[in-house]
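Peer 1: Got a predicted model here, sequence first, then my questions.
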Amino acid sequence: MSTTDDFPTALRYTREHEWARSQGELIEVGITAYAAHQLGDVVFVELPQVGSRITAGKPFGVVESVKSVSDLFAPLSGEVCAVNHALETAPERVNESPYNEGWMIRIRPDDAQSIETLLNANAYADWLKQSEGAH
C-alpha cells in the first residue's frame, strides 16, 4: 500500500497522515489515502468554522469511521478560509477521493514558506515503511 505511487508528488505530507497542497495564497488540507484506508469507511467529519485559526501540530477537527474516531492535525498554522461542506452529507468522499473531492479545509498560512518544512512524497513513503516495520 505504501509505494510512492500512492502519494501525489505535488503534495506535502505530515507524520499524522495529513496532506497539504499549495493553491495560490491558500493551502488545501486533507488526509492521505493511507489514513483513509486505515480508518475504513468514513461516516462523519467535523471541521472548524471559516475564520477560525488553526495551529500547526494541533487538532483542527475529527474524522469518524466505522472503526474509530481520530483527530485531524493541522499541518500549518493559519486562518481557515474554506471548509468542504460536501463532506457533511457525503463523508465517503474522504475514502473515494482523498486528494481531490475529499479535501477538508483551505487555510491562509501565517508563513507561506512553512509548507516546505513538510515531508515530500518520497520522505512520507519512506517514513511509512519505517513505521509499519516498527509494528
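Peer 2: Received, thanks. The structure displayed is predicted, hence computed values, not measured ones.

Peer 1: Put the alpha carbons of stretch 109-124 into PDB.
Peer 2: Extracted in PDB, the C-alpha atoms of stretch 109-124 (Å, rounded to 0.1, in the frame of the first residue of the first chain):
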ATOM      1  CA  PRO A 109      -0.900  30.200   6.200                       C
ATOM      2  CA  ASP A 110       0.800  32.500   8.600                       C
ATOM      3  CA  ASP A 111       4.000  31.700   6.700                       C
ATOM      4  CA  ALA A 112       3.600  30.500   3.100                       C
ATOM      5  CA  GLN A 113       7.100  29.000   3.100                       C
ATOM      6  CA  SER A 114       6.300  26.800   6.000                       C
ATOM      7  CA  ILE A 115       4.800  24.200   3.600                       C
ATOM      8  CA  GLU A 116       8.400  23.500   2.600                       C
ATOM      9  CA  THR A 117       9.100  22.100   6.100                       C
ATOM     10  CA  LEU A 118       6.600  19.200   5.500                       C
ATOM     11  CA  LEU A 119       7.600  15.800   4.100                       C
ATOM     12  CA  ASN A 120       7.600  15.300   0.300                       C
ATOM     13  CA  ALA A 121       6.000  12.200  -1.200                       C
ATOM     14  CA  ASN A 122       9.200  10.100  -1.100                       C
ATOM     15  CA  ALA A 123      10.000  11.100   2.500                       C
ATOM     16  CA  TYR A 124       6.400  10.300   3.600                       C
END
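
Peer 1: Name the residues that touch it?
Peer 2: With contacts defined as C-beta atoms under 8 Å, 6 or more residues apart in numbering, stretch 109-124 is touched by 4, 7-9, 11-15, 20, 22, 25, 27, 32, 56, 75-78, 127. Backbone N, C-alpha and C define where each C-beta goes, glycine included.

Peer 1: OK, contacts around the closest residue to A86 other than its chain neighbours?
Peer 2: Closest residue to A86 apart from its sequence neighbours, by C-beta to C-beta, 6 or more residues apart in numbering: R93 at 6.4 Å. Shown in contact with R93 (C-beta under 8 Å, 6+ apart): N84, A86, L87, E101, G102.

Peer 1: Nice, that's everything, thank you.
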